[in-house]
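Asker: model this:
(one chain, ligands or ions: 3)
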Amino acid sequence: MEFTVKSGDPEKQRTACIVMGVFEPRRLSPGAERLDEISGGYISKLIRRGDLEGRIGQTLLLHDVPNTLCDRVLLVGCGRERDLGDSQYRKIVAIAVNTLNEKGAMEAVCYLAELNVKHHDITWKIRQAVETAQSTLYRFDQMKSKKDTERRPLRKLVFSVPSRRELTDGEQALQVGLAIAQGVELTKNLGNMPANICTPTYLADQARELAKQYKSITVDVLETADIEKLGMGSFLSVARGSIQPPKLITVEYNGDKKQGKPVVLVGKGVTFDSGGISIKPSDKMDEMKYDMCGAASVLGTLTAIAEMRLPINVVGVIPATENMPSGSATKPGDIITSMSGQTIEILNTDAEGRLILCDALTYSERYDPVAVIDIATLTGACVVALGKHAIGLLSNHSPLAHDLLNAGKTSGDRAWEMPLWDEYQEQLKSNFADMANIGGREGGTITAACFLSRFTKKLHWAHLDIAGTAWLSGDKKGATGRPVPLLTQYLMDRCTEKTGG
Ligand code: BES
Ligand code: MN
Ligand code: ZN
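Answerer: Ligands and ions are numbered 1, 2, ... in the order given. Reported below is the predicted structural model:
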């Protein structure tokens, strides 16, 4: 879809539709007020009759409003004015975009970014509106033989800003929003792709596509023999059960000409997690195609920052494999040696994420990174603890944790910190190896992170558990693209910090 910004009075807009907010109870926003005056009280009359209370979720579509140049006016309920915060704003924009798309208004001028949203400026409002609009219209229909497309889909959305002074900021916000939306879309597409197509080889090919698309990106793919040479016994123990060959994908984005130390993003790329010999129950097992969403979010974030040409260096490291049961699969009780030299007793082959991540984390040391962040659909326990709204965050470096939490708040892609205390490490004790790969039922998200922390002692490291946030279940089943907005924001913040801006 095409987006632009513009400033000007609503009655002068020659367009298919104008979008205006109405607050609860029956209170017109400044823009709607203006249209009301011009039209001789046309809007307030309808509202007094009870056509629109102003609750979030309500809409009213008006045709041929007197003295305007537009075909239609879409009034959107915004709830109480003083309650208008981040999530309300996103909901309102989503409802407006959906309505426009369904009602055949192929273009519209939207005044919603002019509303006051608590703690936010026009830059934030436009950026969020673009991301929300793109997310709302997203469909994964690549696999449908007949696509149910709208007859007259929304093609162009113009955001009105209060004055010409805001035009430049608005334009920039559009570009940032579009870059993030593009990263989110790639992440969703990869996540939603079924596991018979989205294999480790497919992920490697997708990474190579990025290198073709952007001059700033280079890709290297290591094969089984290379991974063996590196001594990644832990990663390979997961791959053993599958016919699909594993891949260690590295993606380097070079945006900082001064060759500054990079940030490394490590993404869990289990393209299907059956559990292995410790096989999962069959209910909802299809959703384990989403077990590569960490990897997908790394590729999505690299896309977003390459689009923006951020002046920073970032390396993506993706261990990609299936986790399958077979005659060659790792068995409970097997002991393997990780790249770090530490030995691991595998008590449950379904705790495979940490086994591929630990070697990838050891590998990331070679980039001499300023920070390493791993992103993984790691534990069912995280879904129990935080539900589907917050990402779990655990870190060995509090400034890094702080920056990530803040980036989550700014981008609306929020994380919540959990403790990485030494006391929890005891749960990983093994009688036969340096550690076990599971820590029992209690604090499952924390003991998983404790396991990883044993491989990141030399690093400033943070772990994002996205098991609850990477996809939605039920009739809204689909990847969310999280945490691309959080990660992109974090990298953007690092750039402004550096230049003292
Ligand atoms: N990919 C799963 C985690 C997961 C489960 C994410 C359900 C989202 C929904 C991971 O590999 C896994 O199986 N973890 C186990 C760990 C356990 C065996 C210690 C889990 O959470 O049950
Ligand atoms: Mn598993
Ligand atoms: Zn898994």
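Asker: Can you tell me which residue of the chain sits closest to ligand 3?
Answerer: D273 (3.7 Å; CB to the ion). Backbone N, C-alpha and C define where each C-beta goes, glycine included.
Asker: Could I get the pLDDT score of that residue?
Answerer: pLDDT for D273: 99.
Asker: ok, now how distant is it from L378?
Answerer: Distance of D273 to L378, computed by CB to CB, to the nearest Å: 11 Å.
Asker: Show me what L222 is bridged to.
Answerer: Beta-bridge partners recorded for L222 (DSSP bridges): L248.
Asker: Kindly apply the preceding question to F272 instead.
Answerer: Beta-bridge partners for F272, by DSSP bridges, are E322.
Asker: Now for it: which residues touch it?
Answerer: Contacts for F272 (CB atoms under 8 Å, 6 or more residues apart in numbering) come out as 195, 288-289, 291, 322-324.
Asker: Now which of those would you call buried?
Answerer: 195, 288-289, 291, 322-324 (16 or more other CB atoms under 10 Å).
Asker: Among the residues you listed, which ones are in strands?
Answerer: Counted as lying in strands by DSSP state E, out of those, are 322-323.
Asker: Export the buried ones among the contacts of F272 as CSV, with columns for pLDDT and distance to T445.
Answerer: Formatted as CSV, those follow (pLDDT from 0 to 100; distance: CB to CB, whole Å):
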residue, pLDDT, distance to T445
A195, 99, 24
M288, 98, 18
K289, 99, 22
D291, 99, 16
E322, 98, 23
N323, 99, 19
M324, 99, 25
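Asker: filter the contacts of F272 down to the ones near ligand 3?
Answerer: Subset of the contacts of F272 in contact with ligand 3: D291, counting by CB under 5 Å from the ion.
Asker: Can you name the two of the contacts of F272 that sit furthest apart?
Answerer: Greatest spatial distance among the contacts of F272 (CB to CB): K289 and M324, at 13.0 Å.
Asker: Name the nearest of the buried ones among the contacts of F272 relative to N98.
Answerer: Closest approach to N98 among these (CB to CB): K289, at 26.8 Å.
Asker: interface residues of the stretch 251-400 of the chain facing ligand 1?
Answerer: 273, 291, 348, 350-353, 377-381, 383 (CB under 6 Å from any ligand atom).
Asker: quick one on the thing from earlier: D273 and L378: which is more packed in?
Answerer: L378 (28 against 25; other CB atoms under 10 Å).
Asker: how much space is there between that one and G294?
Answerer: Distance of L378 to G294, given as CB to CB: 8 Å.
Asker: intersection of neighbour lists for the two?
Answerer: With CB under 8 Å, 6+ apart applied, the overlap between the contact sets of L378 and G294 consists of 268, 466.
Asker: Identify the residues contacting the residue of the chain closest to ligand 3.
Answerer: 280, 288, 291, 322-323, 350, 352-353.
Asker: and those, which of them are in helices?
Answerer: Among the contacts of D273, the ones falling in helices (DSSP state H) are G353.
Asker: which of the contacts of D273 lies closest to ligand 2?
Answerer: Of the contacts of D273, the one sitting nearest to ligand 2 (CB to the ion) turns out to be D350, at 3.9 Å.
Asker: so the closest one makes contact with M285?
Answerer: No: the criterion here is CB atoms under 8 Å, and D350 misses it with M285 at 11.4 Å.
Asker: Those two: which is more packed in?
Answerer: More neighbours surround D350 than the other of D350 and M285, with 20 against 14 (other CB under 10 Å).
Asker: Give the full set of residues in contact with the residue nearest to that one when sequence neighbours are not counted.
Answerer: Nearest residue to D350, sequence neighbours excluded (CB to CB, 6 or more residues apart in numbering): G275, at 3.9 Å. Applying CB under 8 Å, 6+ apart to G275 gives the contacts 323, 325, 349-350.
Asker: And those residues, which is closest to S87?
Answerer: Within the contacts of G275, the smallest distance to S87 is 34.1 Å, found for D350 (CB to CB).
Asker: So A16 versus T469, what's the distance?
Answerer: Between A16 and T469 the distance is 36 Å, computed by CB to CB.
Asker: do the same with M285
Answerer: Distance from M285 to T469, by CB to CB: 20 Å.
Asker: now do L452
Answerer: From L452 to T469 the distance is 18 Å (CB to CB).
Asker: how about the helices in the stretch 51-200 of the chain?
Answerer: For the stretch 51-200 of the chain, the helices defined by DSSP state H, counting those that start in this stretch occupy 86-103, 122-137, 167-192, 200-213.
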